[in-house]
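Student: sequence and predicted structure are below.
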Amino acid sequence: MFKIGMVGGAGIYHARSFSEMFNGYDKKLAAKNKFPLYKARIKNARVTYLWDEKRKDALLLAKVCGIKNIVSKKEGMIGKVDGVIIADDCTMKHQRRAEPFLKAGIPTFIDKPLSPDIKEAEKIINLAKRYKTPMMSSSSLRYSKEVEKFKKEKNKIGEILTGSAICANDLVFYGIHAFTELYSVIGPGVKSVKNVGSKGKDIVVVKYKDGRKFLLFVYQNISPLFQINLYGTKGYRSITATDSDYFYSNMLKHFVQMVRTKKEPIPLEETLEIIKVLVLGEKSRKNGKEIYL
């Protein structure tokens, strides 16, 4: 049984969701406190240590999900866990908590986005490489059942020539979901980005080195969805990811596999490329220019 440490975000959706999937939960207490109430369970791993700067949130999460140990300092779980999850806390600063764990060689999952700053993202990746620490950071949409199904039959639509991805909210913090869903099918090789939209209505033209172009739409006020549309020489597909029980748990299974094998499930270069597309896409909106990666 692998021991997992949950770092931060105890009062936010992801840390609660992930803890439910590892540990299960007290149904009455979870419902009373409006926890997500997920059904999926991850085998051979359990959250055994928890840290959050808001102790009240940590105490509640520990009680709901049966997490035995709450530490006063996040470093207090080093040497006592096999892997850590740096959970998103909606501050876009959660990634800064990863350094002591990467230096300690503990397999680390950094919730999305890895960073809203390219230089910081590069620093984190270089730190993982320097200390030879397995590290992953991803939107869970990479692991949706709808995307997995399409990948098995993608040849049916022939060579994919163009396509689009769309989601609600803002470009970096939530656009990572839509673009990762697309990127997991198309793969790496982005040459440049140009944002032709406006604030709250981002439309990013993503140009690949092979000449193909894809569109990323992130509209602040549309109804929530995660959808990609792909157009090939033999057909087309529209893929909408809806089963969060599946894509969250599937992502966590890949994390546990990384803890077990010490091998990263996603090349760090691809993780960085996704961040560059989003951050430079936002920069392009502000300066109106095409920006090369």
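Tutor: Perfect, thanks for sending it.

Student: going forward, measure contacts between C-alpha atoms and count neighbours the same way
Tutor: OK.

Student: what segments of the protein are helices?
Tutor: For the chain, applying DSSP state H gives helices covering 13-23, 27-32, 55-65, 99-103, 118-130, 145-153, 175-186, 244-261, 268-287.

Student: where does pLDDT dip in the chain?
Tutor: For the chain, no stretch is flagged by pLDDT under 70.

Student: show me the domain layout of it.
Tutor: 2-137, 141-245+276-292 (automatic domain parsing).

Student: make TSV out of those domains and add distance to residue 260 and mean neighbour count.
Tutor: What follows is these, written out as TSV (distance: least, C-alpha to C-alpha, whole Å; neighbours: other C-alpha atoms under 10 Å):
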stretch	distance to residue 260	mean neighbour count
domain 2-137	8	19
domain 141-245+276-292	19	19
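
Student: so what touches stretch 249-266?
Tutor: 2, 18, 21, 40-42, 45, 82-83, 107, 109, 133-136, 140, 142-144 (C-alpha atoms under 8 Å, 6 or more residues apart in numbering).

Student: tell me the buried residues in it?
Tutor: Across stretch 249-266, burial judged by 16 or more other C-alpha atoms under 10 Å covers 249-256, 258-259, 262-265.

Student: spatially nearest residue to residue 285 (excluding sequence neighbours)?
Tutor: In space, and not counting its chain neighbours, residue 285 is closest to residue 195: 4.9 Å by C-alpha to C-alpha, 6 or more residues apart in numbering.

Student: what sits against that neighbour?
Tutor: Contacts of residue 195 by C-alpha under 8 Å, 6+ apart are 202, 203, 204, 205, 281, 282, 284, 285, 288, 289, 290.

Student: what of residue 273?
Tutor: Counted by C-alpha under 8 Å, 6+ apart, residue 273 has contacts 188, 190.

Student: next one: the one 5 residues further on
Tutor: Residue 278 is in contact with 171, 172, 175, 176, counting by C-alpha under 8 Å, 6+ apart.

Student: of these, which is the nearest to residue 87?
Tutor: Distance to residue 87 across the contacts of residue 278 (C-alpha to C-alpha) is lowest for residue 176, with 15.6 Å.

Student: who are the contact partners of that closest one?
Tutor: 112, 113, 139, 274, 275, 278.

Student: of those, closest to residue 123?
Tutor: Distances from residue 123 to these, taken by C-alpha to C-alpha, are shortest for residue 275, at 12.9 Å.

Student: for the contacts of residue 278, give me a markdown table that also has distance to residue 159.
Tutor: Formatted as a markdown table, these follow (distance: C-alpha to C-alpha, whole Å):
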| residue | distance to residue 159 |
| --- | --- |
| 171 | 28 |
| 172 | 29 |
| 175 | 25 |
| 176 | 24 |
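
Student: check the residues you listed and tell me the two furthest apart.
Tutor: Between any two of the contacts of residue 278, the greatest separation by C-alpha to C-alpha is 7.2 Å, found for 171 and 176.

Student: what separates stretch 18-36 from the chain centre, distance-wise?
Tutor: The chain centre lies 21 Å from the centre of stretch 18-36; the measure is C-alpha atoms, centre = their mean, to the nearest Å.

Student: ends of it, what's the gap?
Tutor: End-to-end distance for stretch 18-36: 10 Å, by C-alpha to C-alpha, to the nearest Å.

Student: residues making contact with it?
Tutor: Contacts for stretch 18-36 (C-alpha under 8 Å, 6+ apart): 6, 13, 16-17, 37-43, 45-47, 64-67, 248-249, 252.

Student: please repeat the previous calculation with a cut-off of 7 Å.
Tutor: 16-17, 37-38, 40-42, 45-47, 64-66, 249 (C-alpha atoms under 7 Å, 6 or more residues apart in numbering).

Student: closest to residue 187 among those?
Tutor: residue 249 (22.4 Å).

Student: pretty sure residue 182 is touching residue 229, no?
Tutor: No - under the criterion of C-alpha atoms under 7 Å, residue 182 makes no contact with residue 229, lying 8.4 Å away.

Student: which neighbours do these two have in common?
Tutor: Joint contacts of residue 182 and residue 229 (C-alpha under 7 Å, 6+ apart) are residue 165.
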